[in-house]
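Asker: can't give you the sequence, but here's the structure:
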Ligand code: DAH
């Protein structure tokens with residue numbers, strides 16, 4: 001056995017390992033060279049016949065053959081295994097049942113806002129927007145809210161360190177629109193409001209309103225009643241009744257609160273309407289002339305009506321949702337029903 005024979009043999013063996021097409025071929029290569037009766041043990045046995053001067057070199061080369069061949073076999077095995085895994089992954093089992101994907105749905109609050117927006121847009125209203133973080137001026141002062149009015153109390157309103165506040169109503173959007181636009185004005189402003197209310201079945205510190213404002217030369221309480229009645233019928237169905245009760249708001253004069261007949265019991269009285277047959281939707285009225293002059297309008301030339309309605313209220317009666325908290329728990333099993 002000469003040194004050169006071993007170098008040639010190593011090259012041949014490593015080549016066979018690297019080109020093995022399947023794990024069984026690879027195993028055959030291993031047995032042929034490294035197995036108990038393979039070529040390498042035979043070479044080791046023949047080492048004693050090699051001339052003593054050549055022995056160390058032949059021994060070293062035999063070891064090198066063993067190590068390099070083993071490494072080639074290992075790396076080829078790994079490559080073959082990876083390839084067969086990929087092959088399996090590619091195979092597609094057409095008998096497997098399909099995978100269901102859950103289809104999302106719009107949040108009930110969003111649905112009410114979208115429906116209301118489309119109803120009011122048929123009446124010529126466009127959508128206006130304002131910031132959630134408001135100035136006291138827009139949220140209270142310009143809306144003619146007296147300094148001592150209970151709604152300004154820090155027990156009811158979230159004041160921020162900066163002197164700003166989280167708007168308690170969408171009414172400040174009225175002010176922002178009128179400050180920037182000459183009459184006539186016909187807008188609705190859906191948005192989020194914040195109050196320091198303790199949470200219960202009908203109250204949440206965070207809720208939504210849709211504000212409405214219509215300013216022109218001749219606008220009357222009859223327009224307000226007619227428009228809100230039309231809206232109520234479109235939203236709740238033809239049979240809904242609407243009721244106005246005298247009330248007070250600093251920004252309207254006269255002011256009313258308005259109720260829809262209970263959608264759940266049809267006005268007969270049930271748990272949802274607390275057996276009154278009516279559900280309070282929110283406030284409205286003729287815009288107070290002081291508010292008009294606060295934004296630079298001439299109260300002798302223009303007048304208007306305004307309203308603000310609670311979105312969650314409408315969602316709850318329209319969809320029969322008994323507790324406002326359900327709307328804010330983000331449980332898709334609940335939300336997906338609407
Ligand atoms: N901002 C009032 C509230 O939060 C609702 C309201 C009443 C809005 C009368 C109006 C209005 O625009 O004219 O309770």
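Answerer: Thanks, I have the structure now. These numbers were taken from a predicted model, which means no experiment stands behind them. Numbers count the residues shown, from 1 in each chain.
Asker: would you check that residue 184 makes contact with residue 219?
Answerer: No - with contact defined as Cβ atoms under 8 Å, residue 184 does not count as touching residue 219 (9.0 Å). C-beta here means a position set from N, CA and C on the backbone, and glycine is covered the same way.
Asker: comparing the two, which shows the higher neighbour count?
Answerer: Applying other Cβ atoms under 10 Å to residue 184 and residue 219 shows that residue 219 carries more neighbours, namely 19 against 13.
Asker: okay, and for the protein, where does confidence drop off?
Answerer: Across the chain, nothing is flagged by pLDDT under 70.
Asker: quick one: the helices in it?
Answerer: Here the chain has its helices, by DSSP state H, at 3-18, 23-34, 39-46, 55-90, 108-122, 136-139, 172-180, 221-236, 289-294, 311-319, 332-335.
Asker: what's the second one packed up against?
Answerer: In this case it means helix 23-34. Here helix 23-34 touches helix 3-18, helix 39-46, helix 55-90, going by 3 or more Cβ pairs under 8 Å, 6 or more residues apart in numbering; DSSP states H and E.
Asker: so how far is the last one off the chain centroid?
Answerer: Same thing as helix 55-90. For helix 55-90, the distance from its own C-alpha centre to the chain's C-alpha centre is 53 Å (Cα atoms, centre = their mean, to the nearest Å).
Asker: over to the first one?
Answerer: Helix 3-18 has its average C-alpha position 64 Å from the chain's average C-alpha position, going by Cα atoms, centre = their mean.
Asker: that helix vs helix 39-46, what angle?
Answerer: Angle, helix 3-18 to helix 39-46, by axes from the mean of the first three to the mean of the last three Cα atoms, to 10 degrees: 160 degrees.
Asker: same check, this time on the longest one
Answerer: Compare the direction of helix 55-90 with that of helix 39-46 by the same axes, to 10 degrees and you get 170 degrees.
Asker: in helix 55-90, what's buried?
Answerer: Buried residues in helix 55-90, defined by neighbour count with 16 or more other Cβ atoms under 10 Å: 58, 61, 62, 65, 66, 69, 72, 73, 76, 77, 80.
Asker: before we move on, what about the second one?
Answerer: Of the residues in helix 39-46, those with enough neighbours to count as buried (16+ other Cβ under 10 Å) are 40, 43.
Asker: any idea how far it is from the middle of the chain?
Answerer: Taking Cα atoms, centre = their mean, one finds helix 39-46 lying 72 Å from the centre of the chain it belongs to.
Asker: now do stretch 243-259
Answerer: Centre to centre, stretch against its chain (Cα atoms, centre = their mean), the figure for stretch 243-259 is 36 Å.
Asker: which residues are contacting that stretch?
Answerer: Contact with stretch 243-259 is made by 143-146, 149, 171, 174, 221, 225, 228, 242, 261, 278-289, 291, 305-307, as judged by Cβ atoms under 8 Å, 6 or more residues apart in numbering.
Asker: how many residues are close by residue 110?
Answerer: Neighbours of residue 110 under the rule other Cβ under 10 Å: 15.
Asker: where's it relative to residue 194, distance?
Answerer: Using Cβ to Cβ, to the nearest Å, residue 110 is found at 18 Å from residue 194.
Asker: got it, and residue 38?
Answerer: Applying Cβ to Cβ, the value for residue 38 to residue 194 is 83 Å.
Asker: quickly list the domain ranges of this structure.
Answerer: Residue ranges for the domains of the chain, per automatic domain parsing: 3-91, 108-335.
Asker: please identify the most buried of the ones you listed.
Answerer: Highest mean neighbour count of the domains of the chain: domain 108-335, a mean of 17 (counted as mean count of other Cβ atoms under 10 Å).
Asker: now the end-to-end length of that one.
Answerer: With Cα to Cα, to the nearest Å applied, domain 108-335 spans 7 Å between its terminal residues.
Asker: anything in it near the ligand?
Answerer: Yes - judged by Cβ under 6 Å from any ligand atom, domain 108-335 and the ligand are in contact via 169, 171, 211, 249, 251-252, 282-285, 306-308.
Asker: which residue does the stretch 151-300 of the chain have closest to the ligand?
Answerer: Per Cβ to the nearest ligand atom, residue 283 is where the stretch 151-300 of the chain lies closest to the ligand, at 2.6 Å.
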